[in-house]
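> the following block contains a protein sequence and its predicted model.
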2 protein chains.
Amino acid sequence: MSTRKSTSALATTGFLENFATMSTFGATSGGGVDRQAATPEDRAVRSWFSGQVTRRGGRVQFDDIGNQFGLFELTPGAPYVLVGSHMDSQPLAGRFDGSYGVLAGLHAVSALADERRATGETGATGVNLAVVNWFNEEGSRFSPSMMGSAVYTGTLALADALAATDGAGVSVADALSEAGWTPVCPPPQVAAYAEIHVEQGRVLEDTGTDIGLVSATWGARKFRVTVHGDQGHTGSTLMADRRDALFGASLVISAVRRMTEEVAAGALQASVSRMTVEPNSPVTIAREVTMNIDLRSPDPDILEWAEARVAEVVASAEDEARVRVERELTHQWALNPYPSKGVALAAGVARDLGVSHREVYTVAGHDSTNMKYTVPTVMLFVPSVGGISHNEAELTRDGDMLTGVEVLTEVVRRLSETVESGGD
Amino acid sequence: MSTRKSTSALATTGFLENFATMSTFGATSGGGVDRQAATPEDRAVRSWFSGQVTRRGGRVQFDDIGNQFGLFELTPGAPYVLVGSHMDSQPLAGRFDGSYGVLAGLHAVSALADERRATGETGATGVNLAVVNWFNEEGSRFSPSMMGSAVYTGTLALADALAATDGAGVSVADALSEAGWTPVCPPPQVAAYAEIHVEQGRVLEDTGTDIGLVSATWGARKFRVTVHGDQGHTGSTLMADRRDALFGASLVISAVRRMTEEVAAGALQASVSRMTVEPNSPVTIAREVTMNIDLRSPDPDILEWAEARVAEVVASAEDEARVRVERELTHQWALNPYPSKGVALAAGVARDLGVSHREVYTVAGHDSTNMKYTVPTVMLFVPSVGGISHNEAELTRDGDMLTGVEVLTEVVRRLSETVESGGD
């Protein structure tokens, strides 16, 4: 029995130190990060990450939508197994969401590249390795979310993405150009993809499981809602004459939330976010409110029912508040399975490493959601303490992070073998 | 019988043309104005107004808080009868609110000054005349509202007012200094005050009355409310784990509105306005919401009951949404009578001019609310079509405006006589 550490164990070397350093970029006082896409904080962490790639022998390259690739080209011209996630964050968010997966990806591919270089097999295999830091996964500064992977996989037109603007009117095109993230070479040709992410839920923690094998994404329906009322005086406009857009919006918000109590616990998530109020002046009744409604369920029947309930809720709010409500379905997807071969491959890895594992659903979308339509894809979860997400208090324990790096490394190795053997 | 027009009739000369010109400053496409305090639009209309004062033989002067006085000094050293209102507006507001009263005031005092000059009585009376355009009555750019008259009458400290900042962090002090509204002489010594304003209600219209004699201001309680929740993921954070500040706020907003249905129609006005949501990002549950609650009633018992109901509503929202709600009483006043002698004086004028009139309450606050504590004060209303207020569609008919100018002119004359005779 050799005392030499396995490559997957070597992949964890220095990981926690690197994770701590990465977390200083855009660090907030509450232990989280605020690192929205292409802000100075996002630019700083990407610059640091470029250094991490090159010191491990990789080459950094951007594509047209600002995706940051770290390429470990061992066999010139061969396709890549790609692994990664995103380093941008929501405002005042946790330091794990996305970032953990990018750094884990770098440690995995650089350890495997080291192994291949050490064993002299560099020219013998038909696969290269790369890590990716997708652009604007969060969608908080520029809409839509998962922008980088959507453009990369062709589900979003590059021109539309570049034209998106933030609250200050700055376009993605300008932000990318100012950041200097310009492509010099064509993007890598990818044959398989892996991603690891914090769960943002409590299934792994509640069941004492180390690794989640993501088998599907919950279905979702997302709406943009505009409530049209009439501006007035909060003091003098008679109650009977009011058409208060904020009152109308409040009826929709509370009713959407209460819908979740009409079905079994855990069967429906429903929320309202991102609200604007016009003119939002004191002593003035709101003339217009806009907001997002977000419905998610693993059950298509419940999702269908929820959309119908939203229509009822809106009609009732229109009636009581004497407002007009416009509702636009902006995104929808049904329960969306991940490739079963990828789930089986990851299960094999976990079993061989002696790591406890179970299949889980993801409620949130991930860049792998886009990638799985184009190449064999594996999506892994590590536990989130209390399931806390989009919050500075988000936490994944050190041991769980390291276990994840080990599993990811072996998953990338086996994906490479699968690609090499021409199978899927 | 003389065919010479009376002074009050002469005061209306050119009024509608001047009103139309005034309404072009900050004009909006919907027929209203957007002329928040000390913005370029407010500065432009004040500059135009200065020209109107000087061409009628008046002198323009500012005080420390940017109140704009047009002084018609006929008897050097004598006290002033002051008349005016404000030209600043809410965002996308009507063109009558405040502005009508300032221009009516100028027409009234300049007609009376012309009369005195023509009759050679300039040196014979012990009173001077002035029009005022109070600074920041609306409070939409800088808080609190009625700022200029509050500082002038000593209910708000000058230093506190100068330190107030707008949403972009610009202080009142900087805004005044940039506008060049600096005092050169001490403010006029005022012995009586009159103001005319659009009703912002429907009593005059519904009863077919030309002039309202304002006898009291409704009582009010205003609160600043902060809802503290926990940031989370709109998709993945379990419903049972959520502490959604926006959900909590929606429960308060809808319950505050519905309170008004628990009392007799017209006995309570209750609203929520000026809301901020943090972090207000898509896919993120709000961690904090702030908003204003505004309660108004002529009945102190109902106001007391309403404040207690707000406490219940807030406790219930805290419970259901698992949030914590801070509530600060920022303003309160009881039913606040105007001086009865002023009401009687105005009634006498209306009777003598053959103008239909009735006593009315004002729900909204006015600069006269501050002035009436310090000097004899008269507050008049002209009808508002449909009571529409803080809205581009606000309308007062031409004939009603002209009737108001005539009544105001005679009111100012009689106030002057009262001051001269040493009575109140």
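Structure's in. What do you need? From a predicted model like this one, the values you see are computed outputs, not experimental measurements.
> hmm, A:L103 is touching A:M22, no?
Yes: under the criterion of C-beta atoms under 8 Å, A:L103 makes contact with A:M22 at 5.9 Å. C-betas here are computed from N, CA, C, even on glycine.
> who's more crowded, these two?
Counted by other C-beta atoms under 10 Å in any protein chain shown, A:L103 and A:M22 do not tie: A:L103 has more neighbours, with 26 against 21.
> list the contacts of that one.
By C-beta atoms under 8 Å, 6 or more residues apart in numbering or on different chains, the contact list for A:L103 reads A:15, A:18-19, A:22.
> then A:A249?
Contacts for A:A249 were tallied using C-beta under 8 Å, 6+ apart; they are A:225, A:227, A:275, A:286, A:289, A:291, A:317, B:250, B:253.
> report pLDDT for the fourth one.
What the model reports for A:A286 is a pLDDT of 97.
> count the residues that sit near it.
30.
> torsion angles phi and psi at the residue most central in space within chain A?
Note on chain A: the residue nearest the mean C-alpha position is A:H366, at 3.8 Å, using C-alpha atoms, centre = their mean. Main-chain torsions, A:H366, degrees, to the nearest 10: phi -140, psi 170.
> with A:R224 instead?
The phi/psi pair for A:R224 (degrees, to the nearest 10) is phi -100, psi 130.
> I'd say it and A:E328 touch.
Yes: counting by C-beta under 8 Å, A:R224 does reach A:E328; the two are 4.8 Å apart.
> okay, the two: which has more neighbours?
Ranked by neighbour count (other C-beta under 10 Å), A:R224 and A:E328 place A:R224 first, with 17 against 9.
> who's that one bridged to?
A:N292, A:E328 (DSSP bridges).
> for it, what are its contacts?
Contacts of A:R224 by C-beta under 8 Å, 6+ apart are A:290-292, A:327-328, A:330.
> hang on, A:S85 in a strand?
Yes: under DSSP: H, G, I helix; E, B strand; the rest coil, A:S85 falls within a strand.
> what sits closest to it if chain neighbours are left out?
With sequence-adjacent residues excluded and distances taken as C-beta to C-beta, 6 or more residues apart in numbering or on different chains, A:S85 is closest to A:G101, at 2.9 Å.
> is it fair to say the one you found lies in a helix?
Yes: counting by three-state DSSP, A:G101 falls inside a helix.
> so it sits against A:H197, correct?
Yes: between A:G101 and A:H197 there is a contact under C-beta under 8 Å: 5.0 Å.
> okay, and the common contacts of the two?
With C-beta under 8 Å, 6+ apart, A:G101 and A:H197 have common neighbours A:S85.
> quick one: which of these two has more around it?
Neighbour totals were compared for A:G101 and A:H197, and A:G101 leads with 33 against 28 (other C-beta under 10 Å).
> residue contacts, that one?
By C-beta under 8 Å, 6+ apart, A:G101 lies in contact with A:84-86, A:195-197.
> give me every residue that touches A:E420.
Contacts of A:E420 (C-beta under 8 Å, 6+ apart): A:125-127.
> how many residues are close by the closest residue to it other than its chain neighbours?
Nearest residue to A:E420, sequence neighbours excluded (C-beta to C-beta, 6+ apart): A:G126, at 4.8 Å. Counted with other C-beta under 10 Å, residues neighbouring A:G126 total 14.
> how about A:G126, what does it touch?
Here A:G126 is in contact with A:75, A:78-79, A:419-420 (criterion: C-beta under 8 Å, 6+ apart).
> can you pick out the most distant pair from the contacts of A:G101?
Spanning the widest gap among the contacts of A:G101 are A:H86 and A:I196, at 12.2 Å by C-beta to C-beta.
> what about A:V289, how many residues close to it?
Residues lying near A:V289 (other C-beta under 10 Å) number 27.
> touching, it and A:V227? I think so.
Yes: contact criterion C-beta under 8 Å: A:V289 and A:V227 qualify, at 4.4 Å.
> quick check: neighbours shared by these two?
A:245-246, A:248-249.
> buried members of those residues into PyMOL, please.
Buried residues within the shared contacts of A:V289 and A:V227, by 16 or more other C-beta atoms under 10 Å in any protein chain shown, are selected in PyMOL with:
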select buried, chain A and resi 245+246+248+249
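> please flag which of the shared contacts of A:V289 and A:V227 sit within helices.
A:245-246, A:248-249 (DSSP state H).
> in TSV, list those residues along with distance to A:T209.
Shown next, in TSV, are those (distance: C-beta to C-beta, whole Å):
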residue	distance to A:T209
A:A245	46
A:L246	44
A:G248	44
A:A249	40
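> most widely separated two among these?
Checking those with C-beta to C-beta, the most distant pair is A:L246 and A:G248, at 7.3 Å.
> list the residues that contact the residue nearest to A:G229 when sequence neighbours are not counted.
Once flanking residues are discounted, A:G229 sits nearest to A:A245: 3.3 Å by C-beta to C-beta, 6+ apart. Applying C-beta under 8 Å, 6+ apart to A:A245 gives the contacts A:227-229, A:277-278, A:285-289, A:321, A:323.
> one more time with 10 Å
By C-beta atoms under 10 Å, 6 or more residues apart in numbering or on different chains, the contact set of A:A245 is A:226-231, A:277-278, A:285-290, A:321, A:323-325.
> same deal with A:S8?
Here A:S8 is in contact with A:107-108, A:111-112, A:115, A:349, A:353, A:403, A:405-413 (C-beta under 10 Å, 6+ apart).
> and the stretch 1-150 of chain A, which of its residues are near chain B?
A:30, A:32, A:34, A:36, A:89-94, A:97, A:138-141, A:143-145 (C-beta under 10 Å from any C-beta of the partner chain).
> now with 7 Å?
Taking C-beta under 7 Å from any C-beta of the partner chain as the test, the list of the stretch 1-150 of chain A residues beside chain B reads A:90-92, A:139-140, A:143, A:145.
> which one (most neighbours) among those?
Neighbour tally across the residues of the stretch 1-150 of chain A next to chain B (other C-beta under 10 Å): the maximum, 28 neighbours, falls on A:Q90.
> roughly how far apart are it and A:L402?
25 Å (C-beta to C-beta, to the nearest Å).
> likewise for A:L380?
13 Å.
> please apply the same query to A:P339.
From A:P339 to A:L402 the distance is 26 Å (C-beta to C-beta).
> any idea of the pLDDT on A:T122?
58.
> ok, back up a step: ok, the shared contacts of A:V289 and A:V227 vs chain B, which is closest?
Ranked by distance to chain B (C-beta to the nearest C-beta), the shared contacts of A:V289 and A:V227 are led by A:L246 at 6.0 Å.
> residues in contact with the closest one?
A:277, A:286, A:289, B:253, B:272, B:275 (C-beta atoms under 7 Å, 6 or more residues apart in numbering or on different chains).
> quick check: pLDDT value at the spatially closest residue to A:L10 that is not a sequence neighbour.
The spatially closest residue to A:L10, leaving aside those adjacent along the chain, is A:A111, at 5.1 Å (C-beta to C-beta, 6+ apart). Note on A:A111: pLDDT of 96.
> got a list of what A:A111 touches?
A:7, A:10-11, A:409.
> any residue of stretch A:269-287 touching chain B?
Yes: interface with chain B: stretch A:269-287 contributes A:269, A:271-275, A:277, A:279-286 (C-beta under 7 Å from any C-beta).
> how about the CA coordinates for that stretch, as CSV?
C-alpha atoms of stretch A:269-287 as CSV (Å, rounded to 0.1, in the frame of the first residue of the first chain):
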residue,chain,number,x,y,z
GLN,A,269,-41.9,28.0,-3.2
ALA,A,270,-43.4,31.3,-4.0
SER,A,271,-41.9,34.8,-3.6
VAL,A,272,-41.9,38.4,-4.7
SER,A,273,-38.7,40.3,-5.2
ARG,A,274,-37.1,43.3,-6.9
MET,A,275,-39.8,46.0,-6.5
THR,A,276,-39.9,49.6,-7.8
VAL,A,277,-42.4,52.2,-6.6
GLU,A,278,-43.2,55.3,-8.6
PRO,A,279,-42.9,58.2,-7.7
ASN,A,280,-42.0,56.8,-4.2
SER,A,281,-42.3,60.2,-2.6
PRO,A,282,-43.7,60.8,0.9
VAL,A,283,-47.2,62.1,1.0
THR,A,284,-47.8,60.7,-2.5
ILE,A,285,-49.9,57.6,-3.4
ALA,A,286,-47.9,55.3,-5.7
ARG,A,287,-49.0,55.4,-9.4
